[in-house]
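Below are the sequence and a predicted model for it; my questions follow.
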Protein chains: 2
Amino acid sequence: MTTEQLHAEILRKKSFLCIGLDVDLDKIPQHLLDTEDPIFEFNKAIIDATHDLAVAYKPNTAFYEAYGLKGWHALEKTINYLNQRHPEIFTIADAKRGDIGNTSAMYAKAFLEDLAFDSVTVAPYMGRDSVEPFLAVKNKFTILLALTSNGGAYDFQTQKTDEGELYKTVLKTSRTWQNSGNLMYVIGATKAEYFSEVRRIVPDSFLLVPGVGAQGGSLKEVCRYGMNDIIGLLVNSSRGIIYAGNGEDFAEMARAEAYTMQQEMCEIIIDSQLSKALDIR
Amino acid sequence: MTTEQLHAEILRKKSFLCIGLDVDLDKIPQHLLDTEDPIFEFNKAIIDATHDLAVAYKPNTAFYEAYGLKGWHALEKTINYLNQRHPEIFTIADAKRGDIGNTSAMYAKAFLEDLAFDSVTVAPYMGRDSVEPFLAVKNKFTILLALTSNGGAYDFQTQKTDEGELYKTVLKTSRTWQNSGNLMYVIGATKAEYFSEVRRIVPDSFLLVPGVGAQGGSLKEVCRYGMNDIIGLLVNSSRGIIYAGNGEDFAEMARAEAYTMQQEMCEIIIDSQLSKALDIR
């Protein structure tokens, strides 16, 4: 998928919603546990109920690895289902990988080629040669952790460096890497005041934004400082949507939550298009 | 496993060798490709041929994920084989994971409980709450990336910070976390001159040291600056040992390489014990 295609899909759906498929067997509706593959059945129901409202899905690999072979199989089935039924939807393997060059190449093969995700999240700590093997895959995106939404983000990411703070160094440095056009960045919504700083360094990149809702970030604030000409945001919600209900009607409940978020996004997109049109006049 | 048990095993085998099980189907002997599970057969042969010379084995998960379900299954079989046949051997899931709290807990479950590795490597970028869920598992170790052996290590890890350089901030800060006694650190052998700095901050911790051999690090230099009272080093070699040969005799060739390294380590251990004995007199 290209950035242009993603942008077009955002405008068509009036949504920049990403749904996190973080399936925990302790939290999904009990009646699914009797099926052969509860994880996949859960995902399928969520996708069927929300695919017209979301532009991206993001399974976090931890939740699949925690169930061993069965989990890994459910992950394969989920990405295959998405790629077959909804090829226009942007898929993110939230894997936060990163290793020395030849090893990162193995991860890139696993997630971007074999599983055929559109993108994968990568941790920056090991630097250029740990990220470039991901960037080398054509028409795929590498979503680099920059400023995350958790409390621990302040331990190292905001450490003072020559560029101001470490996450800024990460943003600036990564722009010099081979195929840096394939980069997107994780910027947590809990730190809305940082978005204008981020946009100064990476005006054109898409940002994957966790932390709206459950973790306390405000959608309006994020959009105010983070949106660019091509929207440039994928706002993720996981628990808030997928665990909205846990009875037989869990998928409808999830849809209702997704719909509320999409409506809010729709309004923001229309407002931004209006003000752009007015600017042009 | 406890640090004391690991230390005892090092003294018994006169070795602090860790063998990296990074299995690439393009590099293993052709005749194994006809077996049902070439990855596991390769690992089993390497383990059978070297288990008296090595105190630790370290499969890098990238090489298993790259083969999808089959790869994950081979990883399960490998760790089960190690835990059943050689429970005295220290096992490392080289996974370089790290995510927000509840997600890291899933990874900790996957690697330390279900797969029952003795330890897992973790990336520090997301800070305290991304690492503490791993540290919470009793009698298991979390091996935090501090200063890695690749070129990209200089992109961020050596960035100037208040503590001097980022990797030092990582070392110091991590010592304040809950259950920090369960921490070990990755320090690349290619940066031997940094080991005395590292020892000033973490005198008692075990260090996992990649980069000896193939990547150019010197064992003697690493030991000179990095060894402590309980040896405190696990020196890893992957390709140099496991791909020493690729004919029918690949396992013997691997053993020969492992033996050369173990002999060098034996000499270093005996020297250090001698000088300790002389100090006491």
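Received the coordinates, thanks.

for chain B, what are the nearby residues on the stretch 101-250 of chain A?
Contact residues, the stretch 101-250 of chain A versus chain B (C-beta under 8 Å from any C-beta of the partner chain): A:101, A:103-104, A:106-107, A:109-111, A:114-115, A:123-131, A:145, A:148-157, A:159-162, A:166, A:169-170, A:173. Any C-beta I mention is one placed from the backbone N, CA and C, and that applies to glycine too.

ok, 6 Å please
Residues of the stretch 101-250 of chain A lying near chain B by C-beta under 6 Å from any C-beta of the partner chain: A:103, A:106-107, A:109-110, A:114, A:123, A:125-130, A:145, A:148, A:150-152, A:155-156, A:159, A:161, A:173.

Tell me which of those residues fall in helices.
A:Thr103, A:Met106, A:Tyr107, A:Arg128, A:Asp129, A:Ser130, A:Asp155, A:Phe156, A:Thr173 (DSSP state H).

Which one (most neighbours) among those?
The most crowded member of those, judged by other C-beta atoms under 10 Å in any protein chain shown, is A:Ser130 (28 neighbours).

For that residue, which residues are in contact?
Listed by C-beta atoms under 6 Å, 6 or more residues apart in numbering or on different chains, the contact partners of A:Ser130 are A:Gly98, A:Asp99, A:Ser104, B:Gly152.

Same question for A:Asn182.
Contacts for A:Asn182 (C-beta under 6 Å, 6+ apart) come out as A:Leu135, A:Phe141, A:Thr142.

Now, those residues that are in helices?
A:Leu135.

Which of the contacts of A:Asn182 sits closest to A:Tyr225?
Nearest to A:Tyr225 among the contacts of A:Asn182: A:Phe141, at 22.1 Å, using C-beta to C-beta.

right, and the closest one touches A:Val186 too?
No - in this structure A:Phe141 lies outside contact range of A:Val186 using C-beta atoms under 6 Å: 11.8 Å.

which parts of the helix or strand harbouring A:Gln273 are buried?
For A:Gln273, the host element (DSSP states H and E) is helix A:250-280. Applying a neighbour-count criterion of 16 or more other C-beta atoms under 10 Å in any protein chain shown, one finds A:250-251, A:253-255, A:257-259, A:261-262, A:264-266, A:268-269 buried in helix A:250-280.

can you check stretch A:180-188 too?
By neighbour count on 16+ other C-beta under 10 Å, the buried set for stretch A:180-188 is A:Ser180, A:Asn182, A:Leu183, A:Met184, A:Tyr185, A:Val186, A:Ile187, A:Gly188.

Over to stretch A:3-13?
For stretch A:3-13, by 16+ other C-beta under 10 Å, it's A:Thr3, A:Leu6, A:His7, A:Glu9, A:Ile10, A:Lys13.

again with stretch A:10-27
Buried residues in stretch A:10-27, defined by neighbour count with 16+ other C-beta under 10 Å: A:10, A:13-24.

For the residues you listed, work out which two are farthest apart.
Longest span within the buried residues of stretch A:10-27, C-beta to C-beta: A:Lys14 and A:Asp24, 30.4 Å.

would you list the contacts of A:Asn182 in TSV and tack on neighbour count and pLDDT?
Output for those, formatted as TSV (neighbours: other C-beta atoms under 10 Å in any protein chain shown; pLDDT from 0 to 100):
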residue	neighbour count	pLDDT
A:Leu135	23	98
A:Phe141	27	98
A:Thr142	28	98
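
What is the burial count for the residue of the stretch 151-281 of chain A found nearest chain B?
Relative to chain B, the nearest point of the stretch 151-281 of chain A is A:Gly152 (2.4 Å; C-beta to the nearest C-beta). A:Gly152 has 23 neighbours, counted by other C-beta under 10 Å.

Please list all residues in contact with it.
Taking C-beta under 6 Å, 6+ apart as the test, what A:Gly152 contacts is B:Met126, B:Gly127, B:Arg128, B:Asp129, B:Ser130.

quick one, strands of chain A?
All strands of chain A, identified by DSSP state E, fall at A:17-20, A:56-58, A:90-97, A:119-122, A:141-147, A:160-161, A:164-165, A:183-187, A:207-209, A:233-237.

Okay, and the beta partners of the residue nearest in space to the middle of chain A?
Among the residues of chain A, A:Leu208 comes closest to the average C-alpha position under C-alpha atoms, centre = their mean, at 4.7 Å. Bridge pairing for A:Leu208 (DSSP bridges) gives the partners A:Val186, A:Leu234.

right, and it touches A:Thr142 too?
No - with contacts counted by C-beta under 6 Å, A:Leu208 stays clear of A:Thr142, the gap being 11.1 Å.

in stretch A:62-74, what counts as buried?
Residues of stretch A:62-74 classed as buried by neighbour count (16+ other C-beta under 10 Å): A:Ala62, A:Phe63, A:Tyr64, A:Glu65, A:Ala66, A:Tyr67, A:Gly68, A:Lys70, A:Gly71, A:Trp72, A:His73, A:Ala74.

For it, which outside residues touch it?
A:22-23, A:37, A:39-40, A:75, B:69, B:72-73, B:99, B:103, B:106-107, B:109-110, B:114.

same thing but 8 Å
Stretch A:62-74 is contacted from outside by A:21-25, A:37, A:39-40, A:43, A:75, B:68-69, B:72-73, B:76, B:97, B:99, B:103-104, B:106-107, B:109-111, B:114-115, using C-beta atoms under 8 Å, 6 or more residues apart in numbering or on different chains.

how long is it end to end?
Distance across stretch A:62-74, first residue to last, is 12 Å (C-alpha to C-alpha, to the nearest Å).

quick one: low-confidence ranges for chain A?
Counting by pLDDT under 70, chain A has low-confidence residues at A:214-215, A:281.

what about 80?
The model of chain A has pLDDT under 80 over residues A:191, A:213-217, A:280-281.

returning to that earlier point: please identify which pair of the ones in helices among the residues of the stretch 101-250 of chain A next to chain B lies farthest apart.
Maximum pairwise distance among those (C-beta to C-beta): 28.7 Å, between A:Met106 and A:Asp155.

didn't A:Phe111 look like it was pressed against A:Asp118?
No - between A:Phe111 and A:Asp118 there is no contact under C-beta atoms under 8 Å: 9.9 Å.
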